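# the amino acid sequence is not available; the structure is as follows:
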């Protein structure tokens, strides 16, 4: 008997892919950004977890082989109950929800109660994980079919697999959730005549920083896996195409392929750095330690704009300052004509790029991107008795102004147009796996943390309160950022230049150094 829904909630079953956030589909990300509640599994990668909106309620249901925090029946009921409250519910599942994901089972209650739902397919680990290890599951002239099977079994029961039928069919055999049954899988194929030297592979934690690929002939595969540090989830590949791993392993050749890096920049600013690090092979976890908030300062800004012609330079010390300045102009129903012919000065190239997006170009930018250098440059370029308008964060440091020579009697109007505040988010990086924020560092899961300002350091410390900060490798832009990290006892590494490109280069050097030290 069908019952009518209480309210107009909706459920989305979203496949999150195998771990790499780059493999989350565009539609999956769009739906996730609208979620009011997210019910997620333990196999959701930390990079995917960090994409969940901070304001959404997060409910871990922690399903791993043999370790179910919540039963399937309870999960289905939870989804229904949340939807009946009129909420947008995202059931976030590793891989694809309809491939060994019990997505069909979770729809039964929704259909019975006439709850609207949609399915957003995901990239399955059966294809993606072998691809990240350089294994094509089909290859012309080698394998024309692929068979995807589950290695999961009930406790104390044998695998229900017709190995003879599989061998007759030929092709590539891919097993998900099969690590615990590897012995039975290999023995089953060997028993029905699959050659002992059949190329085979086991890929653990595929598409992430912990990815480990083991390739061996079928009769030696179990022994090789035991000798290596292979962690679940693991994908097993048996077939001739597994031999291509040695030639096609593209990810293993990237310089940061074994590195997991936490980026603490504000959400609106983290994209470029995260993109560079991911391009080098890193698994990047984006958790903003700070955010910026425009101030209610329209009256003060209007006063300085009324006398804009009296200033020699208008100065911006961050891309956020440019963004908030223009948002204030929009609030005040003004446009760029209100700044007249005043010259523009910026602290660095990223801030300059933000101006260029709006058709403006800075006249002044120091060679070294920091406040002290910008202050000295203004001191040289502003005539005696001149004046500058400084638009920045209320939490900005005094270094810039202190470097302007007092003997030139240059007037400085220091107007705070935005605040920099910590996120105050009690992030648990991977609640579904039972790991706290601190445990990621204690177990050396995060290799380094990037900091682009002293405020990101302070925001991170508040977010990770109580951690042993001496275990944190802090990759910093600028001496002030490094000094702030040092003050908390962090292991500090400094990029050569104050740019995200230089930070990415420094990350590679640090990873190589740590890799050499481990041998």
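Arrived safely, thanks for sending. Predicted, not measured: the structure shown is a model, and the values here were computed from it.
# what score does the closest residue to residue 56 other than its chain neighbours have for pLDDT?
Nearest residue to residue 56, sequence neighbours excluded (C-beta to C-beta, 6 or more residues apart in numbering): residue 35, at 4.8 Å. All C-beta atoms are positioned from the backbone trio N, CA, C, and that covers glycine. At residue 35, the model reports a pLDDT of 97.
# equivalent analysis for residue 379, please.
In this prediction, residue 379 has a pLDDT value of 93.
# on that earlier part again, so the residue nearest to residue 56 makes contact with residue 53?
Yes: if you go by C-beta atoms under 8 Å, residue 35 and residue 53 touch, sitting 6.5 Å apart.
# which of those two has more residues huddled nearby?
residue 35 (22 against 14; other C-beta atoms under 10 Å).
# which residues sit in contact with the more buried one?
12, 52-53, 56, 88-90 (C-beta atoms under 8 Å, 6 or more residues apart in numbering).
# do the same with residue 264
Applying C-beta under 8 Å, 6+ apart, the residues contacting residue 264 are 287-290, 449-452, 456, 459-460.
# try residue 23
By C-beta under 8 Å, 6+ apart, the contact set of residue 23 is 17, 122-123, 128, 207.
# would JSON lines of these with neighbour count, secondary structure and pLDDT be doable?
JSON lines is the format used below for these (neighbours: other C-beta atoms under 10 Å; DSSP: H, G, I helix; E, B strand; the rest coil; pLDDT from 0 to 100):
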{"residue": "17", "neighbour count": "25", "secondary structure": "strand", "pLDDT": "95"}
{"residue": "122", "neighbour count": "27", "secondary structure": "coil", "pLDDT": "96"}
{"residue": "123", "neighbour count": "22", "secondary structure": "coil", "pLDDT": "96"}
{"residue": "128", "neighbour count": "21", "secondary structure": "helix", "pLDDT": "97"}
{"residue": "207", "neighbour count": "25", "secondary structure": "coil", "pLDDT": "94"}
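# Serialize those residues to TSV and add fields for distance to residue 471.
Formatted as TSV, the contacts of residue 23 follow (distance: C-beta to C-beta, whole Å):
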residue	distance to residue 471
17	30
122	34
123	34
128	32
207	26
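# report the two of the residues you listed separated the most.
122 and 207 (12.3 Å; C-beta to C-beta).
# list residues touching both of these two?
When contacts are counted by C-beta under 8 Å, 6+ apart, the set common to residue 122 and residue 207 consists of 17, 23.
# which one's the longest helix in the chain?
Ranked by residue count and defined by DSSP state H, the top helix of the chain is helix 500-517.
# buried ones in it?
Residues of helix 500-517 classed as buried by neighbour count (16 or more other C-beta atoms under 10 Å): 500, 503-508, 510-511.
# ok so, going back, tell me the one of the contacts of residue 264 nearest residue 494?
residue 451 (10.4 Å).
# got the phi and psi for the closest one?
For residue 451, the backbone dihedrals (degrees, to the nearest 10) come out as phi -130, psi 130.
# all helices for the stretch 151-300 of the chain, in order.
In the stretch 151-300 of the chain, the segments counted as helices under DSSP state H, counting those that start in this stretch are 163-169, 182-191, 221-227, 245-248, 271-279, 298-306.
# dump those to TSV, plus distance to residue 234 and mean neighbour count.
Listed next are these as TSV, based on distance: least, C-beta to C-beta, whole Å; neighbours: other C-beta atoms under 10 Å:
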stretch	distance to residue 234	mean neighbour count
helix 163-169	19	14
helix 182-191	8	18
helix 221-227	8	16
helix 245-248	14	14
helix 271-279	23	18
helix 298-306	58	14
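# quick one: closest of these to residue 40.
helix 271-279 (20.9 Å).
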